[in-house]
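J.: here's a sequence, model it:
(one chain, ligands or ions: 2)
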Amino acid sequence: MNFDLSHEKLFTYLLILCSIIISFGGVVRTHKTTYRACAVGRLNMAAAAAVVFRRNLFPLKLGQKACALHSSCALRDADPLPQASFFPPNDATMLPPGSFSDKVAFVTGGGTGLGRAMTQGLSQLGATCVIASRKLEVLQKTAEEITAQTGNKVFPVACDVRDPAAVAQCLDQMEKLTGLPDVVINNAAGNFVSPSEKLSPNGWKTIVDIVLNGTAFVTLELGKRLIRQDKGASFLAITTIYAESGSGFVVPSASAKAGVEALYKSLAAEWGRYGLRFNIIQPGPIRTKGAFSRLDPTGAFEKSMIGRIPVGRLGTPNEIKNLALYMSSHYATWMSGAVVRLDGGEYVSMAGEFNDLRKVSKQQWDLIEAMIRQTKGS
Ligand SMILES: CCCCC/C=C\C=C\C(=O)SCCNC(=O)CCNC(=O)[C@H](O)C(C)(C)COP(=O)(O)OP(=O)(O)OC[C@H]1O[C@@H](n2cnc3c(N)ncnc32)[C@H](O)[C@@H]1OP(=O)(O)O
Ligand SMILES: NC(=O)C1=CN([C@@H]2O[C@H](COP(=O)(O)OP(=O)(O)OC[C@H]3O[C@@H](n4cnc5c(N)ncnc54)[C@H](OP(=O)(O)O)[C@@H]3O)[C@@H](O)[C@H]2O)C=CC1
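T.: Numbering: from 1, shown residues only. Ligands and ions are numbered 1, 2, ... in the order given. Now for the predicted structure:
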């Protein structure tokens, strides 16, 4: 038998062996310690597996840092490109103070990530906010923190948007707490990367139910109530740049987000007569725990993602916040049916046939130009 034990492989086998020893070591201790030690062991196993996975996918050059698990911070965030220094994010809130005074805002998925940033901005500018998602404890913590920071009340309401009865109950609760909203942000989503041949019917259904049906249940139920009360409002949906292009490996999300865009553009046309306007933001990649833990769990793709963004960096939650606040505000009352892409140029950079020519050096260009000039008259 031929054992090919290179340093790389030896290191990996040693790592796995250590993990097994750590997790086994815990088993012979007390009941409570057993659990903890096994968790550490599992983490090490996962770290080892991630190292193997990542190195196989993108063999590291000598001197590059090897990181294993994204969520455990073992994996370093990828650096921005040099040109990013021309485009620093400005996280300050853009609209004047009081822009949402006396307004009520309803944000789905408002407890985390982009939803939290948008809620914080609305609250800072005077809105009373209601945030809704499945995990009440997460919502409560966010609500307390933002209320303490801005002095404006944020109400947490538990709601699984996949269930139309739960959505109706949540809106009943909201009506009692604040009345119907002036601003609605459909931000809740579910997603994971998976080869489509591995998707179960329930995997497909779960994503489509959260993203498309959830948005539709919230939007239709709120729309009907607003129309009955003759109250105007701004609706905003957060989709993604691949809602337009489609994307492999996130097919349920791409399909559902495309559906959300069709829903919002259609209602913009139909319900303007009731004082309701509908707009869409398509964000490019922004580091949030929810997105990156499910779409780039090993951290292997972040560098290449940044590499194709002309601005040279990821977006920030506050950049989405500022755009969302403008689109939801009284400064944007002429905006309806709009789809705004905010992605540092990633979409067009991926779309252009010849954009890879960015990698051609000056010397190579001289050669290419000479070759093309030689064709004159041929
Ligand atoms: C780095 C990239 C940057 C660019 C980003 C661009 C766009 C981003 C779009 C986003 O939407 S990011 C937001 C992501 N945030 C979330 O997803 C938060 C909420 N997510 C969740 O709660 C869960 O991840 C989930 C799975 C969506 C829903 O949870 P739950 O209702 O508890 O479902 P189950 O765990 O019961 O699973 C249901 C069904 O799905 C199958 N499944 C789950 N994970 C996977 C997977 N990784 N691969 C394949 N299949 C999966 C699971 O097995 C169940 O199916 P069964 O047939 O087994 O019942
Ligand atoms: N971050 C990124 O790079 C990008 C994000 N987006 C979009 O931005 C939005 C926010 O994503 P992001 O902040 O990154 O990720 P998060 O995972 O932090 O946000 C998703 C939110 O949706 C809520 N949610 C999930 N399922 C349900 C459900 N069944 N009912 C109610 N709420 C639910 C979650 O709360 P809970 O678990 O409590 O239910 C969570 O707060 C999403 O629409 C996403 O598609 C688009 C492009 C890029």
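J.: so what's Gly190 closest to, chain neighbours aside?
T.: Nearest in space to Gly190, with sequence neighbours left out and distances taken as C-beta to C-beta, 6 or more residues apart in numbering, is Ile210 at 3.9 Å. Just so you know, the C-beta spots here come from the backbone N, C-alpha and C atoms, and that holds for glycine as well.
J.: pLDDT weak spots in the chain?
T.: Across the chain, residues meeting the criterion (pLDDT under 70) sit at 1-76.
J.: mind giving me the domain split of it?
T.: Per the record, the chain has its domains at 7-69+356-373, 82-344, by automatic domain parsing.
J.: tell me which of these lies nearest to ligand 1.
T.: domain 82-344 (2.9 Å; C-beta to the nearest ligand atom).
J.: quick one: the closest one to chain centroid distance?
T.: 10 Å (C-alpha atoms, centre = their mean, to the nearest Å).
J.: buried residues in stretch 227-240?
T.: 227, 233-240 (16 or more other C-beta atoms under 10 Å).
J.: ok, which of those also contact ligand 1?
T.: Restricting the buried residues of stretch 227-240 to those touching ligand 1 (C-beta under 6 Å from any ligand atom) yields Thr240.
J.: could you measure from the residue nearest to Gly190 over to Leu171?
T.: Distance of Ile210 to Leu171, given as C-beta to C-beta, to the nearest Å: 17 Å.
J.: same question for Tyr347.
T.: In this view, Tyr347 and Leu171 are 34 Å apart by C-beta to C-beta.
J.: out of those two, which sits in the busier spot?
T.: Leu171 (23 against 18; other C-beta atoms under 10 Å).
J.: in what helix or strand does that one lie?
T.: In this structure, Leu171 is located in helix 164-177 according to DSSP states H and E.
J.: near ligand 2 at all, that helix?
T.: No. Shown here: helix 164-177 not in contact with ligand 2 (C-beta under 6 Å from any ligand atom), separated by at least 8.3 Å.
J.: buried ones in that helix?
T.: Quick answer for helix 164-177 (16+ other C-beta under 10 Å): 166-167, 170-171, 173-174.
J.: swap in stretch 121-137?
T.: 121-134.
J.: that stretch close to ligand 2?
T.: Yes. Stretch 121-137 reaches ligand 2 (C-beta under 6 Å from any ligand atom) through 133-135.
J.: show me where this protein has its helices.
T.: For the chain, the helices defined by DSSP state H occupy 7-27, 31-57, 113-124, 136-150, 164-177, 201-208, 214-228, 242-245, 251-271, 289-295, 302-307, 317-328, 346-351, 362-374.
J.: what angle do the third one and helix 136-150 make?
T.: Orientation of helix 113-124 against helix 136-150 (axes from the mean of the first three to the mean of the last three C-alpha atoms, to 10 degrees) gives an angle of 40 degrees.
J.: what sits against the most centrally placed residue in the chain?
T.: In the chain, the residue lying closest to the centroid (C-alpha atoms, centre = their mean) is Ala291, at 4.5 Å. By C-beta atoms under 8 Å, 6 or more residues apart in numbering, the contact list for Ala291 reads 113, 191, 285.
J.: ok, and which of those reach ligand 1?
T.: When contact is defined as C-beta under 6 Å from any ligand atom, the contacts of Ala291 meet ligand 1 at 191, 285.
J.: name the nearest of the contacts of Ala291 relative to Arg277.
T.: Among the contacts of Ala291, Gly113 lies closest to Arg277 (C-beta to C-beta), at 24.6 Å.
J.: tell me how far the closest one lies from Thr219.
T.: Per C-beta to C-beta, Gly113 is found 20 Å from Thr219.
J.: how about Ser328?
T.: For Ser328 relative to Thr219 (C-beta to C-beta), the value is 14 Å.
J.: my guess is Thr240 contacts Ala258. True?
T.: No. Counting by C-beta atoms under 8 Å, Thr240 does not reach Ala258; the two are 9.7 Å apart.
J.: my guess is Gln83 contacts Ile306. True?
T.: No. Look at Gln83 against Ile306 with C-beta under 8 Å: they stay out of range, at 10.8 Å.
J.: Ile207 and ligand 2: what is the separation?
T.: From Ile207 over to ligand 2 the distance is 9 Å, taken as C-beta to the nearest ligand atom, to the nearest Å.
J.: which ones are touching that residue?
T.: Taking C-beta under 8 Å, 6+ apart as the test, what Ile207 contacts is 190-192, 252-253, 256.
J.: can you lay out these as JSON lines showing neighbour count?
T.: Output for these, formatted as JSON lines (neighbours: other C-beta atoms under 10 Å):
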{"residue": "Gly190", "neighbour count": "19"}
{"residue": "Asn191", "neighbour count": "20"}
{"residue": "Phe192", "neighbour count": "16"}
{"residue": "Pro252", "neighbour count": "23"}
{"residue": "Ser253", "neighbour count": "26"}
{"residue": "Ala256", "neighbour count": "25"}
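J.: now, among those, which is nearest to Ile146?
T.: The nearest one, if we look at the contacts of Ile207 relative to Ile146 and count by C-beta to C-beta, is Gly190, at 23.5 Å.
J.: distance of that closest one relative to Glu137?
T.: Computed as C-beta to C-beta, the Gly190 to Glu137 distance reads 19 Å.
J.: so who does Asn213 touch?
T.: 161-162.
J.: which parts of the stretch 151-300 of the chain sit against ligand 2?
T.: 159-162, 187-190, 210, 214, 238, 240, 283, 285-286, 288, 290-291.
J.: now with 5 Å?
T.: Within the stretch 151-300 of the chain, the positions near ligand 2 by C-beta under 5 Å from any ligand atom are 160-162, 187-190, 210, 238, 240, 283, 285-286, 288, 290-291.
J.: write the PyMOL selection for whichever of these are buried.
T.: To isolate in PyMOL the members of those that are buried, counting by 16+ other C-beta under 10 Å, one can use:
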select buried, resi 160+161+162+187+188+189+190+210+238+240+283+285+286+288+291
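J.: and the residues of the stretch 151-300 of the chain next to ligand 2, which two are furthest apart?
T.: The span of these, defined through C-beta to C-beta, is set by Asp160 and Pro285 at 26.6 Å.
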